[in-house]
Structures are given as structure tokens and as C-alpha cells.
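Enquirer: No letters, just coordinates:
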């Protein structure tokens, strides 16, 4: 993928196009992932972005970062529409592919919130162009002119789309940004309740309007439809926990910028559990078990704005 050039002192260094791409790669991956919810598809988009970028005359590019984001957005939008058709035939709920992230992602509160499982689920309810406009404006702070070029719309149209998307997200997003520290405290209590078998303590942690989403992709067992309300989530959770393998072990990690739990069976990642906390209670429980979505749980993924 990369090219090199040789300096006067004999050192081989990346050519300017490669150097720029490498410098912005984590940013571009984050853009693609926030638009797609799939790390595998985001990586494919980066490959496509590189191929287009390698043929660009850099002398004609005023802002290389903005240009790369524009290419990435266009490629991601094309793939997002295809991905939408795949989701229509998906068995059960479709949850974003979880990413093992370094604790430093949590230090950027807005970035962590934007890639949290809870927010990624909300982004899934936006139309492709709305999602792109919202992410580029609200997360990455691009100007309307840059966004208009990326999505192929006029600035006036982009402003309208941005307003519509903000209203849509505001009605569905978690109430306020919860710090990773608050989530960690709730997760530790959740972890202890599971390991000690204290189901009553576990149920007491559920908000009255909690939602439980599971993703097994039709490959492994998981709840097929969203479960709403503590009265229904509690028995569903109890059933799921009773089916955990005796050899399963729980490990606290950071997933998509927030504390979460990984369940391993015989050393292999079997389940990822992420929580959404509101007022100290579990308002959202997101459980990913589809093996095809667990490949990024062995190595940290760098995310950047």
C-alpha cells in the first residue's frame, strides 16, 4: 500500500502521500467506523481510500486532512447503503462490532460518547446521509462547506440535514454524558453480582425502563428481539446467565471507550457485555455474541478525532 522515497543520506522514508495517510489513518478509521458500525467494513473503506488518495496530485490539495476525510466519507456512504441491505436479512438484533479500546479513549469524553455502544445504536436509526452529516459535524467538527463536498449536497441542504439529524438523535440518545468512571463503578457491581450469583442485587441495578439487546447473528444463542422493562429483562438476563459455560471467566476491559465485560470460555472470547448507565442504574445492556464480530477483542484499536 505504501510507497517510499530515498533521502540524500540514504534513509528510506514514506513518500508524502503515504506519510499523510499514515498520520491520519486512525482518524479515518474512526470516521468510517462511526458511519458503518463495522470494523471489517471500515478497514475495507480505508483500503479504498488509499487507492484513491495514491492517485491524487498533492499539489492541488489545500487541506490534506479534509480531503482524506471526504474520500473516506464517500466510500463509507457507498458501503453503508450496501450494509443496510445486509442488515435487512440479519437474524435478530444487529449491534455494532465492539472494539477493544485503550483507556485513553475515555479521556476524550465526546469521542468516547460518540463511539459508545449506546450512541452507535442510536446512529443506526439515521438515514445514511443524515448519519454522515451528524458524525462529521458533531463529532469531528467539520465546516458545512467541507461536509457538503463530502456528501455531495449543497451547504443549505447540509444545514437542514444537520438540524434534522440533531433533533432525531437528541430524542433517542442517552440522557446526558455519563463518565467512564461512573460506568466503571456500576460495571464492577454488575461483575460482582454475576460472580457471586446474587441475582437480586443484579435485578436491583436495572432501571425500570431498561432495554436489553443481544446479537448472536443467528450463529449462537442470543435474545432475538429487544427486551424492554426490568420485569422482562430480569428473567431474560437470569436465563442467559444460567446458560454460561462453567468454564467461563469474566474480564473487565474498555469497549468502545467505556468499561465493559468480556466473557471467555476456555480462553476464547465468547461474549461482550456493554452497559449504559443513567442515574446509577443500568438503562441499557448490549450483549454481542456473534463470533464474526468478536475478532477485534484481542488487540486494542486506536480511535482519534
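Expert: Done, it's in. Only a predicted model underlies this, so the values are computations on that prediction, with no experimental measurement involved. Numbering: from 1, shown residues only.
Enquirer: How about the residue nearest to the spatial centre of the chain, nearest residue that isn't a chain neighbour?
Expert: In the chain, the residue lying closest to the centroid (Cα atoms, centre = their mean) is residue 115, at 4.3 Å. Counting by Cβ to Cβ, 6 or more residues apart in numbering, residue 115 lies nearest to residue 256, which is 4.8 Å off, once chain neighbours are set aside. Where C-beta positions appear, they are placed from N, C-alpha and C, glycine not excepted.
Enquirer: Now for that neighbour: which residues touch it?
Expert: With contacts defined as Cβ atoms under 8 Å, 6 or more residues apart in numbering, residue 256 is in contact with 96, 98-99, 101, 112, 115-117, 120, 274.
Enquirer: let's see it at 7 Å
Expert: The contact partners of residue 256, taken as Cβ atoms under 7 Å, 6 or more residues apart in numbering, are 98-99, 101, 115-117, 120, 274.
Enquirer: and the residue nearest to residue 149 when sequence neighbours are not counted, how many residues sit next to it?
Expert: Among residues not flanking residue 149 along the chain, residue 70 sits closest, at 5.7 Å (Cβ to Cβ, 6+ apart). Neighbours of residue 70 under the rule other Cβ atoms under 10 Å: 19.
Enquirer: Residue 70 - that's part of a helix, no?
Expert: Yes: if the criterion is DSSP: H, G, I helix; E, B strand; the rest coil, then residue 70 is within a helix.
Enquirer: element containing residue 273, please.
Expert: Assigned by DSSP states H and E, residue 273 belongs to strand 268-278.
Enquirer: Pairing partners for the following helix or strand past that strand, with directions?
Expert: Heading C-terminal from strand 268-278, the first helix or strand you meet, by DSSP H and E, is strand 281-288. Neighbouring strands of strand 281-288 in its sheet, by DSSP bridges, are strand 206-215 (parallel), strand 268-278 (antiparallel).
Enquirer: Output these as a markdown table; include the columns mean pLDDT and mean neighbour count.
Expert: Formatted as a markdown table, the strands paired with strand 281-288 follow (pLDDT from 0 to 100; neighbours: other Cβ atoms under 10 Å):
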| stretch | mean pLDDT | mean neighbour count |
| --- | --- | --- |
| strand 206-215 | 96 | 20 |
| strand 268-278 | 94 | 22 |
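Enquirer: Pull the number of nearby residues for residue 199.
Expert: Neighbour count for residue 199, taken as other Cβ under 10 Å: 16.
Enquirer: Skip the chain neighbours and tell me the closest residue to it.
Expert: residue 238 (5.8 Å).
Enquirer: Could you check how many residues crowd around residue 196?
Expert: For residue 196, using other Cβ under 10 Å, the count is 10.
Enquirer: how close does it sit to residue 88?
Expert: Plainly put, residue 196 is 42 Å away from residue 88 if you go by Cβ to Cβ, to the nearest Å.
Enquirer: Which pLDDT value goes with residue 2?
Expert: Residue 2 carries a pLDDT value of 50.
Enquirer: Look at residue 105 and give its secondary structure.
Expert: Assignment for residue 105 (three-state DSSP): helix.
Enquirer: Spell out the residue ranges of the helices in the protein.
Expert: 16-36, 39-53, 64-88, 109-115, 117-123, 128-134, 144-151, 155-172, 180-196, 199-204, 230-242 (DSSP state H).
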